[in-house]
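Trainee: Any chance you can model this:
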Amino acid sequence: MNNVKVVVLRSETDRLFRLANTHYHACVGVSEVKSWQELAKRVLDESAQVSCKRAGEYDLNQWAKAVQALADATVASVERLHKLSIEQARPAERPALHIVNSSENVSVHFVPESDKRISPLPIFVTRKQQVAV
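Mentor: Sure, this is the predicted structure:
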C-alpha cells in the first residue's frame, strides 16, 4: 500500500476524473482509444495501491467515484473501439462524379500540388460562362 497525503489523494482524484471524462472523449481513432485504454489500465492498477489515513469521508467518496468512473469508461472504451474498427473497415465514400458530355461547355482545372489537402480529387470541372458580344 502506498500511503499518501490528503492533497495528493485529491490531485489523484482529479486526475482520474479528468482521464475518464475529458481524455477519453477526446480520442478520435482506434490507435488513440487503444493508447487511452493502456493508460487507463495502468492508472487503475496504480490507484488500487493508494491509501490515505487522514482523508475525510468526502475525499474517500470522491476517490471511489473517480475510480468507478474510470473503470466504467474503460469498459465503454471496449465497445467504442469495436465500433471504430468497424467504421474504419468500411470503404470511404467518394464524392459523386458528374459525367460531362462533350457538347457541354466546360473547363478543367488542375489543383496545384500545394492545395491537394483541400480537395480529394486532383481536378475539378466548372462550366464556362458565355459572354454576349
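Trainee: which helix is the longest one in this protein?
Mentor: Assignment by DSSP state H gives helix 57-89 as the longest helix of the chain.
Trainee: Quick check: buried residues in it?
Mentor: Buried positions in helix 57-89, judged by neighbour count with 16 or more other CB atoms under 10 Å: 62-63, 66-67, 69-71, 73-74, 77, 80-81, 84. C-betas here are computed from N, CA, C, even on glycine.
Trainee: got it, and stretch 40-51?
Mentor: Within stretch 40-51, the residues that count as buried by 16+ other CB under 10 Å are 40, 43, 47, 50.
Trainee: Ramachandran coordinates for the third one?
Mentor: The main-chain torsion angles of residue 47 are listed as degrees, to the nearest 10 and equal phi -70, psi -20.
Trainee: And for the last one?
Mentor: Dihedral angles of residue 50 (phi, psi; degrees, to the nearest 10) stand at phi -90, psi 140.
Trainee: Skipping adjacent residues, who's closest to it in space?
Mentor: Counting by CB to CB, 6 or more residues apart in numbering, residue 50 lies nearest to residue 2, which is 5.4 Å off, once chain neighbours are set aside.
Trainee: okay, now that neighbour: neighbour count?
Mentor: 11 (other CB atoms under 10 Å).
Trainee: residue contacts, it?
Mentor: 49, 50, 51 (CB atoms under 8 Å, 6 or more residues apart in numbering).
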